[in-house]
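Quick one, what's the 3D model for this:
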Amino acid sequence: MGRRRENRWQPPEHPEVERPRAYSLSEDARGPDVCHAVTPVPVWAWVQFPTFHIRVKGFAKSWTRDAVLVEWAQFGQQADAWVWRSAVKHRTLRADRADRHPANARH
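Now for the predicted structure:
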């Protein structure tokens, strides 16, 4: 009979890497009177992490006079953060662009 090999190759075990979390403004910084979107608004937003900044394609879910709650996909998971209003710009979805340009529409 054969003997079992004890030195078989096995994939290395890697500990789960903790993903960086974006900084989010405090309640005092974002201000009172939060408005919540019925339908999230598509936006581009600059988000700050501990060691870098990145521009994300996300959706504005809530806002105040000074800040916006932005939600985006990060590492395949949902992420959100309150950012300064000046860090957010509206973006247009592809379906919206076709509606605005009738010359591109099919007849």
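
can you tell me which strand in this structure is longest?
The residue-count maximum for a strand in the chain (DSSP state E) belongs to strand 35-48.

tell me the mean pLDDT over that one?
The pLDDT scores in strand 35-48 average 96.

Could I get the CA-only coordinates of that strand as PDB?
The C-alpha coordinates for strand 35-48 follow below in PDB (Å, rounded to 0.1, in the frame of the first residue of the first chain):
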ATOM      1  CA  CYS A  35     -32.300  66.100   3.500                       C
ATOM      2  CA  HIS A  36     -32.600  62.500   2.200                       C
ATOM      3  CA  ALA A  37     -32.900  61.700  -1.500                       C
ATOM      4  CA  VAL A  38     -36.000  59.800  -2.600                       C
ATOM      5  CA  THR A  39     -33.900  58.600  -5.500                       C
ATOM      6  CA  PRO A  40     -30.100  58.700  -5.000                       C
ATOM      7  CA  VAL A  41     -28.400  61.300  -7.300                       C
ATOM      8  CA  PRO A  42     -25.400  60.100  -9.400                       C
ATOM      9  CA  VAL A  43     -22.200  62.000  -8.500                       C
ATOM     10  CA  TRP A  44     -18.500  62.100  -8.700                       C
ATOM     11  CA  ALA A  45     -16.900  62.600  -5.300                       C
ATOM     12  CA  TRP A  46     -13.400  63.100  -3.900                       C
ATOM     13  CA  VAL A  47     -13.100  60.800  -0.900                       C
ATOM     14  CA  GLN A  48     -10.200  60.900   1.600                       C
END
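
Quick check, W44 in contact with V88.
Yes. At 7.2 Å, W44 counts as touching V88 under the criterion of C-beta atoms under 8 Å. All C-beta spots, glycine's among them, are computed from the backbone N, C-alpha and C.

Do a quick rundown of the strands in the chain.
Going by DSSP E, the chain shows strands at 35-48, 53-63, 67-74, 77-84, 88-90.

Indicate which one of these is closest to E13.
strand 77-84 (22.2 Å; C-beta to C-beta).

mind checking pLDDT for A73?
93.

May I have the residues that are in contact with it?
The neighbourhood of A73, defined by C-beta atoms under 8 Å, 6 or more residues apart in numbering, consists of A79.

which regions of the chain lie under the pLDDT threshold?
Within the chain, the ranges that satisfy pLDDT under 70 run 1-7, 15, 96-107.
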